[in-house]
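Visitor: Have a look; sequence and predicted model below, questions after that.
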Amino acid sequence: MGGRTGPGTSVPPGGLPVKVTVDPSKCQGHARCFALCPEIFDVDDYGQSSVRSADDVPVELEERVRLAVSNCPEFAIAIVE
Ligand code: F3S
């Protein structure tokens, strides 16, 4: 493997800048995203999640953001690479 990347291989955290989005029409307020990465996600009084900043996800938080994506039962979170 040797850390090489190419077509069909996943890019390791920190490989490319990524942004994250929450689809408000899918979010049902499970708040797992907030529990996993409160630096990136915010949840309002109604349980609706949002992304705190439109900036790229800091490399050091990327792994936890990916964890939030895979733990959202509504598939409301998406990573844009
Ligand atoms: Fe909503 Fe999913 Fe977070 S349902 S509150 S985006 S875990």
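Guide: Yep, it's here. Residues are numbered from 1 along each chain as shown.
Visitor: Any buried residues in the lengthiest helix in the chain, and which?
Guide: If each helix of the chain is counted by residues according to DSSP state H, the longest one is helix 59-71. Across helix 59-71, burial judged by 16 or more other C-beta atoms under 10 Å covers Leu61, Glu62, Arg64, Val65, Arg66, Ala68, Val69. Any C-beta I mention is one placed from the backbone N, CA and C, and that applies to glycine too.
Visitor: before we move on, what about stretch 33-51?
Guide: Those would be Cys33, Phe34, Leu36, Cys37, Ile40, Phe41, Val43, Ser49, Val51, for stretch 33-51 by 16+ other C-beta under 10 Å.
Visitor: circling back to that earlier point, and the longest helix of the chain, is it in reach of the ligand?
Guide: No. Helix 59-71 stays clear of the ligand (C-beta under 6 Å from any ligand atom), getting no nearer than 6.5 Å.
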